[in-house]
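A.B. asks: Return a 3D structure for these sequence lines:
(one chain, ligands or ions: 1)
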Amino acid sequence: MSGKLNCSAESCVHNMSGLCSANTIFIEGNEARTSRSTDCKTFAQKGFINAVTNVVNSNVPGEIRQFVNQDEVVMSPSIKCEAVNCTYNVDQICGASNVAIYGPGAKSSNGTQCETFVE
Ligand code: SF4
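C.D. replies: Sure thing, here's the model as predicted:
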């Protein structure tokens, strides 16, 4: 994906003011026909242990660029996606120009979903 990703899963360790600071995220849902059957497998609830264990998937240069460019989205993860029924899925990579992940109040990846999914 070369576009922008917004995420409402504010309880995720990668969520920075509605943006995602992961290098790569994985979307599950190989049989999905709607957004509800997808989820962001990379979700990890905020907390010390997850902050440490997820540091290897952190986009530190992106975080710095985003800090400098606060008025536009310049930090977005690569998206590997199992939802092969989605229009935007090209060889299990997301080709959408803008992606929205939904997950307010999520406590696990089951509480998240890709809102951009279109069959
Ligand atoms: S739920 Fe997924 S897209 Fe949202 S911040 Fe976490 S890892 Fe990134």
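A.B. asks: Show me where this structure has its helices.
C.D. replies: Using DSSP state H, the helices of the chain run over 48-53, 60-68.
A.B. asks: Determine which of those approaches the ligand most closely.
C.D. replies: Nearest of the helices of the chain to the ligand, taken as C-beta to the nearest ligand atom: helix 48-53 at 10.3 Å. Quick note: C-beta positions are derived from backbone N, CA and C, even for glycine.
A.B. asks: Chain neighbours aside, what residue packs nearest to the most centrally placed residue in the chain?
C.D. replies: Nearest residue to the geometric centre of the chain (C-alpha atoms, centre = their mean): I25, 5.3 Å. In space, and not counting its chain neighbours, I25 is closest to T42: 4.1 Å by C-beta to C-beta, 6 or more residues apart in numbering.
A.B. asks: could the helices of the chain go into CSV alongside mean pLDDT, mean neighbour count and distance to the ligand?
C.D. replies: Listed next are the helices of the chain as CSV, based on pLDDT from 0 to 100; neighbours: other C-beta atoms under 10 Å; distance: least, C-beta to the nearest ligand atom, whole Å:
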stretch, mean pLDDT, mean neighbour count, distance to the ligand
helix 48-53, 92, 11, 10
helix 60-68, 91, 13, 12
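A.B. asks: What number of residues are in the vicinity of E28?
C.D. replies: The local packing of E28 (other C-beta atoms under 10 Å) involves 20 other residues.
A.B. asks: For Q92, see how far away it is.
C.D. replies: 11 Å (C-beta to C-beta, to the nearest Å).
A.B. asks: residues touching A51, list them.
C.D. replies: By C-beta atoms under 8 Å, 6 or more residues apart in numbering, A51 lies in contact with V13.
A.B. asks: For it, give its distance to H14.
C.D. replies: 10 Å.
A.B. asks: Kindly report the residues of this structure close to the ligand.
C.D. replies: 7, 9, 12, 14-15, 20, 22, 25, 40, 42-43, 101, 103, 112 (C-beta under 6 Å from any ligand atom).
A.B. asks: can you give me the strands in the chain?
C.D. replies: Using DSSP state E, the strands of the chain run over 4-7, 15-16, 19-20, 24-28, 39-40, 78-81, 89-90, 93-94, 98-102, 113-114.
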